[in-house]
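Enquirer: pasted the sequence and its predicted model underneath.
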Protein chains: 2
Amino acid sequence: MAGEGGRTEALGIGEVAARTGLSVHALRFYEREGLLVGPVGRTAGGRRRYTTLDVEWLHVCIRLRESGMPLADLRRFAELVRQGPGNEAERLSLLNAHQQRVDEQIRALEECRSVIAWKVGVYAEHLARGEATGLWDPTARTRPPRA
Amino acid sequence: MAGEGGRTEALGIGEVAARTGLSVHALRFYEREGLLVGPVGRTAGGRRRYTTLDVEWLHVCIRLRESGMPLADLRRFAELVRQGPGNEAERLSLLNAHQQRVDEQIRALEECRSVIAWKVGVYAEHLARGEATGLWDPTARTRPPRA
DNA sequence: GTAGGAGCTGGAGCGCGGTCTAGATCAAGT
DNA sequence: ACTTGATCTAGACCGCGCTCCAGCTCCTAC
C-alpha cells in the first residue's frame, strides 16, 4: 500500500547494472566501500534487491565520480546522508568544494583545448598548402656544443 | 655560432623540473618511455643536458597529458615528430581525435557541474530557510515488502 | 682533498578504482 | 529432476602513471 506506484520496484543487481552502466562488480564494490545511502535489501535467498531510490542515488554517485570526486569523499558524503538530517551544512560545503574543483578542471581543459586547437590549426594549414615548409624539425636539433 | 641567443641553453634535469613542474623522476621516465622528440644530450660525465626546445616540447606534452591523452598516444605522436616531415596527416588526425575527446570531456564535466550546482542550490536553500523540511531521508527508506 | 649535493641506473613499490576468479547457491524453465 | 543462468562471497589481480630506493658517480666549493 505504501507508494507502490513505480517508485519502489525491487531490482536485481543485473538490472541496476543495466540502468546505471556500472558493472555488477562495481555495484558490489560500491556497497562494500560504503558509498550507498542505506543497506541494500536482500531476498530470502540472499540476493540484493535495489530500489529505484538506490538507483537515483547511484546516478548522483556516477556524476560525482565522473567529475573526479575521490571515493573517500563520496563515502563521506554518503555517510552524511545516511546519518539523516542535521548535517546539511557539511554536505553543502563538501559539494561546494567539489564544484570548485570541477570548475577548475573545466578551466584547465579549456586551456588545453585551445593549445591543441592551435596545433591542429598549424598542421591543417601546413597540409592545406602542401607539405612545403618545415614545422618543427627535431632532425635539425641544435645541440649544445661538444660536436 | 649557430643561434646561441637564449634559444639553446643547456639545462640540467633539475632546472627542467623546475621549469615544467614535472619531477626529475617523471622526466627520466618520459625519456625512457620515448615521449621526447629526440635524444637528450649528455655531458661528458653522463648528465642530461636539455635544450629549451626540449622544454617547449615538454610543455606540449604536459597539456596533452593534462587533458587525458594516454602515454601510448603521446609516444606515438612523439615518434611521428621524431621521424620528421612526411607524416603530418597522421599527426593531425591524432591531434584531432584527441581534441574531440577533450571536447567530450568538457561537455561531460559541464553536465556534472550543473547537477552538482543544482544539488548545491537545494542544500543552500534548505539551510537558508532553516532546517525545516527533510530533503532526502534514507532513514525513511521504503523497502520492498517483507517486513 | 674532501664534503655535500645533484644526477645516474635499474628495478621495486604504490594509489586508485575497479575487475576478475573460484567455487558455491539460488531461481526459473521444461 | 535437471539444466541454465544469474548471483553470492572472499580475495587475488590489474593498468596506469608515476614515485621512490639503493648504490654509485659526478661536480662544486671550500
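Expert: Now that the structure is in, tell me what you want to look at. Residues are numbered from 1 along each chain as shown, chains lettered A, B, ... in the order given.
Enquirer: now the element after the helix or strand containing residue A:53, going C-ward?
Expert: Element membership for residue A:53, per DSSP states H and E: helix A:52-66. Proceeding N to C from helix A:52-66, the next assigned helix or strand is helix A:71-83, under DSSP H and E.
Enquirer: pLDDT of whichever helix or strand comes after that next one, averaged?
Expert: Sequence-wise, the next helix or strand downstream of helix A:71-83 (DSSP H and E) is helix A:88-128. Per-residue pLDDT values across helix A:88-128 average out to 96.
Enquirer: which elements pack onto helix A:88-128?
Expert: helix A:71-83, helix B:52-66, helix B:88-128 (3 or more Cβ pairs under 8 Å, 6 or more residues apart in numbering or on different chains; DSSP states H and E). For the C-beta atoms, the positions are set from N, CA and C on the backbone; glycine is no exception.
Enquirer: repeat that for 10 Å
Expert: Other helices and strands packing on helix A:88-128, by 3 or more Cβ pairs under 10 Å, 6 or more residues apart in numbering or on different chains; DSSP states H and E, are helix A:52-66, helix A:71-83, helix B:52-66, helix B:88-128.
Enquirer: need those helices in CSV (columns: distance to DNA strand D and mean neighbour count).
Expert: Shown next, in CSV, are those (distance: least, Cβ to the nearest atom of the strand, whole Å; neighbours: other Cβ atoms under 10 Å in any protein chain shown):
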stretch, distance to DNA strand D, mean neighbour count
helix A:52-66, 12, 18
helix A:71-83, 12, 17
helix B:52-66, 5, 18
helix B:88-128, 12, 16
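Enquirer: among those helices, which comes closest to residue A:24?
Expert: Distance to residue A:24, taken as Cβ to Cβ, is lowest for helix A:52-66 among the helices and strands packed on helix A:88-128, at 12.4 Å.
Enquirer: is any residue of that closest one near chain B?
Expert: Yes: among the residues of helix A:52-66, A:52, A:53, A:54, A:56, A:57, A:59, A:60, A:62, A:63, A:64, A:65, A:66 lie within reach of chain B under Cβ under 10 Å from any Cβ of the partner chain.
Enquirer: between that helix and helix A:71-83, how big is the angle?
Expert: Here the directions of helix A:52-66 and helix A:71-83 differ by 150 degrees (axes from the mean of the first three to the mean of the last three Cα atoms, to 10 degrees).
Enquirer: elements contacting helix A:52-66?
Expert: Counting by 3+ Cβ pairs under 10 Å, 6+ apart, helix A:52-66 packs on helix A:13-20, helix A:24-32, helix A:71-83, helix A:88-128, helix B:88-128.
Enquirer: alpha carbons only: can I get that helix in PDB?
Expert: Listed next in PDB are the C-alpha coordinates belonging to helix A:52-66 (Å, rounded to 0.1, in the frame of the first residue of the first chain):
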ATOM      1  CA  THR A  52      14.600   3.000  -7.500                       C
ATOM      2  CA  LEU A  53      15.900   5.300  -4.800                       C
ATOM      3  CA  ASP A  54      19.100   3.400  -4.800                       C
ATOM      4  CA  VAL A  55      19.300   3.800  -8.500                       C
ATOM      5  CA  GLU A  56      18.800   7.500  -8.200                       C
ATOM      6  CA  TRP A  57      21.500   7.800  -5.700                       C
ATOM      7  CA  LEU A  58      23.800   5.800  -7.900                       C
ATOM      8  CA  HIS A  59      23.200   8.200 -10.700                       C
ATOM      9  CA  VAL A  60      24.300  11.000  -8.400                       C
ATOM     10  CA  CYS A  61      27.400   9.000  -7.500                       C
ATOM     11  CA  ILE A  62      28.200   8.500 -11.100                       C
ATOM     12  CA  ARG A  63      28.200  12.200 -11.700                       C
ATOM     13  CA  LEU A  64      30.400  12.900  -8.800                       C
ATOM     14  CA  ARG A  65      32.800  10.200  -9.800                       C
ATOM     15  CA  GLU A  66      32.800  11.200 -13.400                       C
END
